[in-house]
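Visitor: got a predicted structure here, sequence first:
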Amino acid sequence: MMISNSVTISILNFSYLAFGCLSLAMFSHFRDAFKRSPSQIQSRILYWSGWIILGASYYVGVSYQGLAYGSIMFTGIISLAALLVILTLSYRARHLPHLMTASGILGALLMFIV
């Protein structure tokens, strides 16, 4: 089955959201974004939600493209998403939560366009 551009961009958006959650689970990145330290519960929730979202993104990619090509495509997409999170944290860390919210909403909208 041919994967559409909206599904690819949706996987990118959810991967950005997942890597944002994983980065905010770390003390220093959370402090850079929110100017306070995370609680232990917040850190655990961000950590596990990041992994769950990343796994769901992988499942969507594999279900549309099959195991071989879906895995290769997913590797490229998460590389780009990780780079975007790194650049956001490097230059505009306070905007990361807002960009994560927008990314999640846009990703959900694009999934329903298919």
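Guide: Cool, got the structure.

Visitor: can you tell me the element Ile72 falls in?
Guide: Following DSSP states H and E, one finds Ile72 within helix 67-91.

Visitor: can you list the buried residues in that helix?
Guide: Gly70, Met73, Phe74, Ile77, Ile78, Ala81, Ala82, Leu84, Val85, Thr88, Leu89 (16 or more other C-beta atoms under 10 Å). Placement of C-beta: from N, CA and C, glycine included.

Visitor: please apply the same query to stretch 54-67.
Guide: Under 16+ other C-beta under 10 Å, the buried positions of stretch 54-67 are Leu54, Ser57, Tyr58, Val60, Gly61, Val62, Tyr64, Gln65.

Visitor: tell me how far the first one lies from Val62.
Guide: In this view, Leu54 and Val62 are 13 Å apart by C-beta to C-beta, to the nearest Å.

Visitor: which strands or helices does the helix holding Ile72 pack on?
Guide: Judged by 3 or more C-beta pairs under 8 Å, 6 or more residues apart in numbering; DSSP states H and E, helix 67-91 is in contact with helix 5-24, helix 27-34, helix 40-65, helix 96-113.

Visitor: angle of that helix against helix 5-24?
Guide: Interaxial angle, helix 67-91 versus helix 5-24 (axes from the mean of the first three to the mean of the last three C-alpha atoms, to 10 degrees): 50 degrees.
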